[in-house]
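Colleague: kindly generate the corresponding structure for this input.
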Amino acid sequence: MSSEQEIMLLRERVVALENQLESFRLSRRVLMNLIEKIEREKNYNIEQLEKENKRLQINNKRYARNIMKNNSRFMELSQT
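Modeller: Residues are numbered from 1 along each chain as shown. Here you go, the predicted structure:
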């Protein structure tokens, strides 16, 4: 193989590798965008779950107070 043919093959190889590198960069950008989107969704879901948890705790305290109040009334009525 002559040196000219070798140079041509090497240039073709360089072009192919540059194209492959550009594809990898694009793939990386796409993956990073997906990761960011998933992270935003995860944070949103966590926030919603924390709000729901707080709401349920408040409702649970209210329910427990009502039960205690009704239990006290029942005890008073049963003693009379």
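
Colleague: any low-confidence regions in the protein?
Modeller: Applying pLDDT under 70 to the chain flags the ranges 80.

Colleague: for it, which segments count as strands?
Modeller: Counting by DSSP state E, the chain forms no strands at all.

Colleague: nearest to the spatial middle of it, which residue is it?
Modeller: With distances taken as Cα atoms, centre = their mean, Lys42 lies nearest the centre of the chain, 2.5 Å away.

Colleague: and the gap between it and Val15?
Modeller: 41 Å (Cβ to Cβ, to the nearest Å). (Each C-beta comes from the backbone N, C-alpha and C, glycine too.)

Colleague: then Leu77?
Modeller: 92 Å.

Colleague: same thing with Glu22?
Modeller: Using Cβ to Cβ, Glu22 is found at 11 Å from Val15.

Colleague: ok, now Ile7?
Modeller: Ile7 is 13 Å from Val15, by Cβ to Cβ.

Colleague: got it, and Ser27?
Modeller: On the measure of Cβ to Cβ, Ser27 and Val15 end up 19 Å apart.

Colleague: how many residues are close by Lys61?
Modeller: By other Cβ atoms under 10 Å, the residues close to Lys61 number 10.
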